[in-house]
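K.L.:
the following block contains a protein sequence and its predicted model.
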Amino acid sequence: MTTDFFNKKDSFEEQCKKFSELLELSRPVSEDVLFSAIHDEEYARQLIINKRIPSKFMKLLRNPPKVKSNHKSTHPHSNAELIKSAAVALIKWGKSGFTKVDAKTLETRENACLACPNMVDPGMVIQKIIPSHKISNKVGERTGKHICDLCGCQIHKKIQLISENCPDKHPELEGMTRWHEPI
């Protein structure tokens, strides 16, 4: 699957059709199958691995797992989108000389994220397995494992990178992000 396999403008129905093409099916997968594949990395992997073994494949399609998630994301991100975003961020950071922000900028960014309604618990498997610090009172570690609901990034990592920007506009300051930086 390419990283731009799903277009953000695609309806859920169109995404079902595209996912069925990936699985080499003649009809779209059910919404339950796509939803489970998006939220359960192992299920998605098993679908792809077993697509040439009809008995296992059909059983997987007929019995998508019930996804248990307390993540209430209004901006769900696929694993492919998250991986693409991380790769782009790493390349941009490399081009900046792997430079991190100064202590004052780090604190400003972190304070903005701590006050932001888009700071949520990780919901995707890929977000949960990325190593992170436990919440502490130390600047740079106060967001713990939380992610940004808008971009899907792990906040404590993103706020440190000089090459990164907040994806949200400041609610009061025109032309600025929530980090108080120019858009």
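P.N.:
Okay, I see it.
K.L.:
list the contacts of Leu47.
P.N.:
Listed by Cβ atoms under 8 Å, 6 or more residues apart in numbering, the contact set of Leu47 reads Leu23, Val33, Ala37, Phe57, Leu60, Leu61. Backbone N, C-alpha and C define where each C-beta goes, glycine included.
K.L.:
break down this protein into its strands, ranges please.
P.N.:
Per DSSP state E, the chain carries strands over the ranges 119-120, 147-148.
K.L.:
partners of the first one in the sheet?
P.N.:
It stands for strand 119-120. strand 147-148 (antiparallel) (DSSP bridges).
K.L.:
that older thread, mind putting the strands of the chain into CSV with distance to Phe19?
P.N.:
Converted to CSV, these look like this (distance: least, Cβ to Cβ, whole Å):
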stretch, distance to Phe19
strand 119-120, 25
strand 147-148, 24
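K.L.:
and Val101, how many neighbours?
P.N.:
By the criterion of other Cβ atoms under 10 Å, Val101 has 18 neighbours.
K.L.:
gap between the residue nearest to it when sequence neighbours are not counted and Trp179?
P.N.:
The shortest distance from Val101 to any non-neighbouring residue, by Cβ to Cβ, 6 or more residues apart in numbering, is to Ile162 (5.2 Å). Using Cβ to Cβ, to the nearest Å, Ile162 is found at 12 Å from Trp179.
K.L.:
what about these two, which has more around it?
P.N.:
Using other Cβ under 10 Å, the more surrounded residue of Ile162 and Trp179 is Trp179, with 23 against 14.
K.L.:
can you tell me how far the more buried one sits from Thr143?
P.N.:
13 Å.
K.L.:
next, show the common contact partners of those two.
P.N.:
What both Trp179 and Thr143 touch, as defined by Cβ under 8 Å, 6+ apart, is the set Cys113, Ile159.
K.L.:
out of the strands of the chain, which comes closest to Lys138?
P.N.:
strand 119-120 (17.3 Å; Cβ to Cβ).
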